[in-house]
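>>> Next comes the sequence, and after it the predicted model I'd like to discuss.
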Amino acid sequence: MSTTQKQHLTAAAALAPLLALALAACGGQKGSGAGDGGGSDRPDLPVTGVHWAVDSVTVDGRKSAAPPGSHVEIDVKGQATGTYGCNHFNAKATVDGDTITLRDAGMTEMACPEPVQAFENALKSALDGTLRAKLDGDRLTLTTSGGDTVQLTEQPPAPLVSTEWTVDSLTEDGTATSLPAGARGKARFVFGEDGSVRGTLGCNRFSAKAAVDGGTITFGPAVTTRKLCPGAGMDLERALLKVMTGKVTYTIDDRTLTLTAPDGTGFAANATAK
């Protein structure tokens, strides 16, 4: 064997371990396409820590627009919370690449008027099990194995001032109850930069001073119109005016405002989508 041949053999022997490592690395890489048998290395979609407002749900080919306040949030600890349309829910959530799995859901049991109840039933059915997720800018589409879809839009947290708040439920000692029949979505108000609050109590319009200090709001006497209202409207107005009297505490959880009076009664309101 010539000297040149021996040098080639020696070089090949030295390169063999490096080639083996390179081939092993290539062979260990997983494809990202369906049917490659190697799983997926696609990163998880950035859907956690976001307030996703539900726009619509399509079940069995029938599309229904979402009522105000319907939303979903998934935190980094694997918990999903939100509102189906009337009732609040929580569930275990897993994000894996472009799939989201929701399971073991629990919910409140408030009575919901139609057509909110029908929407809630449809959304509850869709938000169960493993869903294929598609993210396009600030829009998220979730698709069930049966082809039903949920359309959602990312919404930023809402500030207290200059946001239109729509009353969603009455509360007592932290427990939510549904609004009187026929009163849902009718009570709305806005805190102004001038230290005022104005809007509608469900029937009559009102205005009052509202001094914000840390986590409290001190309401001055309310000035209201004097229209005669149906029973449900008056019941809601009385409840809201009772809360918005004097000094109350408030919290904002992303796009939900909760006001609580010293006696534990209060109400929750959602930021109106723009």
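Thanks, I have it. Here the structure is a predicted model, which is why all the values come from computation and not from measurement. Numbering: from 1, shown residues only.

>>> which residues does residue 258 contact?
Counting by Cβ atoms under 8 Å, 6 or more residues apart in numbering, residue 258 makes contact with 171, 250-252, 266-269. Where C-beta positions appear, they are placed from N, C-alpha and C, glycine not excepted.

>>> and if you look at residue 173?
Contacts of residue 173 (Cβ under 8 Å, 6+ apart): residue 264.

>>> now the helices for this structure?
Counting by DSSP state H, the segments of the chain that form helices are 3-28, 116-126, 231-243.

>>> of all the contacts of residue 258, which comes closest to residue 226?
residue 267 (22.5 Å; Cβ to Cβ).

>>> hmm, back to that, PyMOL command to pick out the buried ones of the contacts of residue 258?
The following PyMOL line selects those of the contacts of residue 258 that are buried, judged by 16 or more other Cβ atoms under 10 Å:
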select buried, resi 171+250+252+266+267+268+269
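
>>> how about the contacts of residue 258, which pair is most distant?
The span of these, defined through Cβ to Cβ, is set by 171 and 252 at 14.5 Å.

>>> hang on, the earlier thing: from the contacts of residue 258, pick the one nearest residue 126.
Nearest to residue 126 among the contacts of residue 258: residue 268, at 24.1 Å, using Cβ to Cβ.

>>> tell me the pLDDT at the closest one?
For residue 268, the pLDDT comes out at 93.

>>> Just confirm it contacts residue 172, I think it does.
No: the pair residue 268 / residue 172 is not scored as a contact, 11.4 Å apart, by Cβ atoms under 8 Å.

>>> Count the neighbours of residue 187 for me.
For residue 187, the count of nearby residues is 24 (other Cβ atoms under 10 Å).

>>> per-stretch mean pLDDT over the helices of the chain, give me the minimum one.
Out of these, helix 3-28 stands lowest, with a mean of 41 (criterion: mean pLDDT).

>>> Okay, now the unreliable bits of this protein?
Counting by pLDDT under 70, the chain contains low-confidence ranges at 1-41, 274.

>>> switch to 50 and redo it
Along the chain, the parts satisfying pLDDT under 50 run over 1-39.

>>> Can you tell me who residue 247 pairs with across the strands?
Counting by DSSP bridges, residue 247 is bridged to residue 218.

>>> what pairs with the most centrally placed residue in the chain across the strands?
Nearest to the geometric centre of the chain sits residue 72, at 2.7 Å (Cα atoms, centre = their mean). Beta-bridge partners recorded for residue 72 (DSSP bridges): residue 52, residue 82.

>>> contacting residues for the closest residue to residue 234 other than its chain neighbours?
Leaving aside its sequence neighbours, residue 234 sits nearest to residue 203 (Cβ to Cβ, 6 or more residues apart in numbering; 7.1 Å). Residue 203 makes contacts with 186, 227, 229-230, 233-234, 237, as judged by Cβ under 8 Å, 6+ apart.

>>> Buried ones among those?
By neighbour count, with 16+ other Cβ under 10 Å, these hold 186, 229, 233-234, 237 as buried.
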